[in-house]
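# everything below, folded, please.
(chains A and B)
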Protein chains: 2
Amino acid sequence: VLIAYQGESGAFSEAAAAQFDPQATAVACPSFEDVFRSVETSKTTCGILPIENSIGGTIHRNYDLMLEHDLKIVGEVELPVVHNLVALPGTRLEQVRQVISHPQALAQCDRFLRQLHDIEIIATYDTAGSAKLITERNLPDVAAIASERAASIFGLDVLQKSIQDFADNVTRFLIVTRPAAVVDLLGSARLKPFGKDKTTVVFTLPNTPGSLFRALSAFALRSIDVTKVESRPLPGRPWEYLFYLDVGAGDDDQRCRRALIDLAEFAPTLKTLGSYPSAVTVRKGAAAAGAASSGSVA
Amino acid sequence: VLIAYQGESGAFSEAAAAQFDPQATAVACPSFEDVFRSVETSKTTCGILPIENSIGGTIHRNYDLMLEHDLKIVGEVELPVVHNLVALPGTRLEQVRQVISHPQALAQCDRFLRQLHDIEIIATYDTAGSAKLITERNLPDVAAIASERAASIFGLDVLQKSIQDFADNVTRFLIVTRPAAVVDLLGSARLKPFGKDKTTVVFTLPNTPGSLFRALSAFALRSIDVTKVESRPLPGRPWEYLFYLDVGAGDDDQRCRRALIDLAEFAPTLKTLGSYPSAVTVRKGAAAAGAASSGSVA
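You can find the predicted model right below:
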């Protein structure tokens, strides 16, 4: 199994790929679009994409890309994220003139960055890539926000540990694959035991009062939990939106199937992006299996 | 009337302030937080904040700041936004090695930027400030994304006009003031004719299935339109959210008052951020000169 991820070796996405499947090989891609392309052209089995962080919020770009491409979600992973300020060995905090990292990492360390003075904050394409840049160009007055693992891979020192605004910082990643490969992946030894208990859909709504309420009613009146609602602007049509919904039921569940038929009745467009075991279910299952195999009882 | 805005002279926020009140004086502030502080300390009458763009989506930072500070929304403005690539006179597009601008402007020109090769994209604090930087530091290989007005103020040439991804690009701004000044501003000659027909609230919900549906029902069952739903993570509490709602009724409307009481019954926290005439109402009112006020509500 080859898993495409965005970033350099040492990226959080690479760690998430290892958490999803410890036996898989993670394949670095320069951009999120390259992750999609790598999976579409069968160079890799699946891709891993950060979709939401518990401090910074949703990574909207990946919602936009899910719509532009025709991949399906087959799983998700939740990864605890610890950010560090890293720089060339010997650099002191007072010397730092620039901090570089991915915009989400910058957002998650906003409080820390606001305490610094006369420092330029520069957005880059990824966290580990920022660490790599400092080493490659030998930049003594630049620090990056990255993982400890990225620092060690690129020979940098950690100037300050755990600089994110809140200790409890988690990023949720989606595993995406070609429609033709969905059955194989969901049927794999890794995912099969868990079954599908989460479904992600995207739809538009008629621009009439109460339409979002009616959309949610399709699920609420069937006792299906809506775990996330996200809206994105419809480009070129001010104040009209696409809605993304995560619901707590698999699309093989009769209630969920009926809710989707109900929704399709009045949503001008509706697309199911995937139905898969939730990260929470997989984590609990893995913990139970671990406990069983080690003979301990929780 | 003094209106605080974030950015340099030539910023889109400055143009929005002029649209809100042509007689007012716009006061430049370095950051959004400084806008809040300027209003809180009575240095300015009110502040103007971009909250949503029809291509880039919501400016989440300002939702977060609305919650940290105790200002009230008294109005909104919609401003058409045209972005241009601007540089020092004589610079040709092929010479440009860096493009600098605000992350939202970069997002709104994403397609244009992706066509460029070997160019570093750098996020800065504002569009007009990026234009100013190029002039001040005399940077021949750097271009900024900014308004035509910013280019002319800082003596730059427009390399390429209207580079945003979609022609129909609109930013919505909120006007905020101290709670004690709300009555004065809403009673001013400028706003009084329109009455309040929009209310923004923020709330948390119990982490139980169907709670968002129940929250929306408070409005839907009273035929009050929900024009926007936005969720933001509760920092340090993964996958719990704050919800921001714009609804199509003033808080002096009996239905809206009752909906808010209903919502408060089961929302652990609920705060009304403001009730005000919508930008659409004000625009229509301004267009239909001489139309009688129908804005006084019981």
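
# local confidence estimate at A:Ile59?
Per-residue confidence (pLDDT) for A:Ile59: 86.

# was I right about it contacting A:Ser13?
No - in this structure A:Ile59 lies outside contact range of A:Ser13 using C-beta atoms under 8 Å: 11.0 Å. Where you see a C-beta, it was placed from the backbone N, CA and C, and this is true even at glycine.

# and for those two, which residues touch both?
A:49-50 (C-beta atoms under 8 Å, 6 or more residues apart in numbering or on different chains).

# which of the two has more neighbours?
More neighbours surround A:Ser13 than the other of A:Ile59 and A:Ser13, with 29 against 22 (other C-beta atoms under 10 Å in any protein chain shown).

# partner residues bridging A:Val27?
A:Ala4 (DSSP bridges).

# look up how far A:Val176 lies from it.
14 Å (C-beta to C-beta, to the nearest Å).

# those two: who's more crowded?
A:Val176 (30 against 19).

# can you name the element that comes right after the helix or strand A:Ala215 falls within?
Per DSSP states H and E, A:Ala215 falls inside helix A:211-220. Of the helices and strands lying after helix A:211-220 in sequence (DSSP H and E), the nearest is strand A:226-233.

# do that following strand and chain B come into contact?
Yes - using C-beta under 8 Å from any C-beta of the partner chain, strand A:226-233 reaches chain B at A:226-233.

# re earlier: list the contacts of the helix holding A:Ala215.
With C-beta under 8 Å, 6+ apart, helix A:211-220 has contacts from A:203, A:205, A:225-226, A:229, A:243, A:245, A:247, A:259-260, A:262-263, A:266-267, B:209-210, B:212-214, B:216-217, B:219-220, B:226, B:229.

# of these, buried ones?
Those of these that meet the buried threshold are A:203, A:205, A:225-226, A:229, A:243, A:245, A:247, A:259-260, A:262-263, A:267, B:209-210, B:212-214, B:216-217, B:219-220, B:226, B:229, by 16 or more other C-beta atoms under 10 Å in any protein chain shown.

# next one: the strand or helix carrying A:Val182 to chain centre, how far?
Under the criterion of DSSP H and E, A:Val182 resides in helix A:182-186. Centroid separation between helix A:182-186 and its chain, computed with C-alpha atoms, centre = their mean, to the nearest Å, is 20 Å.

# for that helix, packing partners?
Counting contacts by 3 or more C-beta pairs under 8 Å, 6 or more residues apart in numbering or on different chains; DSSP states H and E, helix A:182-186 is packed against strand A:72-80.

# which parts of the strand it packs on are buried?
For strand A:72-80, the neighbour count (16+ other C-beta under 10 Å) marks A:72-79 as buried.

# between the residues you listed, which is nearest A:Leu88?
Nearest to A:Leu88 among those is A:Leu79, at 27.1 Å by C-beta to C-beta.

# now that closest one, nearest residue through space, not along the chain?
Closest residue in space to A:Leu79, ignoring its immediate chain neighbours: A:Ala16 at 4.5 Å, by C-beta to C-beta, 6 or more residues apart in numbering or on different chains.

# look at that neighbour and tell me its secondary structure.
Following DSSP: H, G, I helix; E, B strand; the rest coil, A:Ala16 is assigned to helix.

# need the contact list for it.
So A:Ala16 contacts A:5, A:48, A:50, A:77, A:79, A:171, A:173 (C-beta under 8 Å, 6+ apart).

# now A:Ser54
A:166, A:168-171, B:233, B:235-239.

# the helix-or-strand element of chain A with minimal mean pLDDT to strand A:72-80, inter-axis angle?
In chain A, no helix or strand scores lower on mean pLDDT, DSSP states H and E than helix A:279-293, which sits at a mean of 79. Orientation check (axes from the mean of the first three to the mean of the last three C-alpha atoms, to 10 degrees): helix A:279-293 against strand A:72-80 gives 70 degrees.

# now for A:Asp70, how many residues are close by?
12.

# re the thing from before, run the angle between the helix holding A:Ala215 and strand A:226-233 for me.
If you take the same axes, to 10 degrees, helix A:211-220 sits at 150 degrees to strand A:226-233.

# please state the mean pLDDT value computed over helix A:211-220.
For helix A:211-220, the per-residue pLDDT averages 94.
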